[in-house]
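Asker: What follows is a predicted structure for the sequence shown.
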Amino acid sequence: MDFGDAIKSGFRNYVTFRGRAARSEFWYWTLFAVLATLAGQIADAPLIEGSHPGLFAPLISLALFLPGWAVGVRRLHDIDRTGWWTLIAFTIVGLILLIVWACLKGTAGQNRFGPDPLAGG
């Protein structure tokens with residue numbers, strides 16, 4: 001999956017917490033979210049005076065929160081872990097573990113969450 005396909009898939013599956021997401025889909029979506037939020041912060045820079053909050057970066061982050069969470073859950077499904085594991089993100093150790101898991105190769109073939117996304121099914 002390339003960068004454009006990952007973004008399309010992220011928005012197409014906006015709140016789909018079923019199925020699986022390949023590593024490329026997850027990491028391209030993450031790159032897109034970081035770049036979009038950074039662009040929002042740059043757009044906010046001339047608007048921010050003193051302690052006034054920005055406008056664009058928070059709106060972009062809010063718009064990308066649910067699809068980002070959904071692709072994270074689908075990524076966990078790809079390594080045959082339940083999406084409930086995302087709750088460990090509230091701890092420092094949990095974030096490290098989630099990053100490591102996001103780097104792992106997915107289960108080959110079908111698992112309990114669906115067909116292998118790299119197999120085209």
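Answerer: All right, it came through fine. Numbers count the residues shown, from 1 in each chain.

Asker: hey, let's count contacts and neighbours off CA atoms from now on
Answerer: Will do.

Asker: separation between the residue lying closest to residue 67 once chain neighbours are set aside and residue 32?
Answerer: The shortest distance from residue 67 to any non-neighbouring residue, by CA to CA, 6 or more residues apart in numbering, is to residue 14 (4.5 Å). Look at residue 14 and residue 32: by CA to CA, to the nearest Å, they are 14 Å apart.

Asker: Can you pull out the low-pLDDT segments for the chain?
Answerer: 48-51, 121 (pLDDT under 70).

Asker: Please work out how many residues are found near the residue nearest to residue 67.
Answerer: Residues lying near residue 14 (other CA atoms under 10 Å) number 18.

Asker: again with residue 66
Answerer: Neighbour count for residue 66, taken as other CA under 10 Å: 18.

Asker: That one sits in which helix or strand?
Answerer: Element membership for residue 66, per DSSP states H and E: helix 56-78.

Asker: Only the C-alpha atoms, please, for that helix, written as CSV.
Answerer: What follows is helix 56-78 as a C-alpha-only set of coordinates in CSV (Å, rounded to 0.1, in the frame of the first residue of the first chain):
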residue,chain,number,x,y,z
PHE,A,56,-6.3,24.7,12.7
ALA,A,57,-4.1,22.2,14.5
PRO,A,58,-6.7,21.3,17.1
LEU,A,59,-9.4,20.9,14.5
ILE,A,60,-7.1,18.7,12.3
SER,A,61,-6.1,16.6,15.3
LEU,A,62,-9.8,16.2,16.3
ALA,A,63,-10.7,15.2,12.7
LEU,A,64,-7.9,12.6,12.5
PHE,A,65,-8.4,11.1,16.0
LEU,A,66,-11.1,8.5,15.2
PRO,A,67,-9.6,7.3,11.9
GLY,A,68,-6.2,7.1,13.6
TRP,A,69,-7.5,5.1,16.5
ALA,A,70,-9.4,2.8,14.1
VAL,A,71,-6.2,2.1,12.0
GLY,A,72,-4.3,1.4,15.2
VAL,A,73,-6.9,-1.1,16.3
ARG,A,74,-6.8,-2.7,12.8
ARG,A,75,-3.0,-2.8,13.1
LEU,A,76,-3.3,-4.7,16.4
HIS,A,77,-5.8,-7.1,14.7
ASP,A,78,-3.2,-7.8,12.0
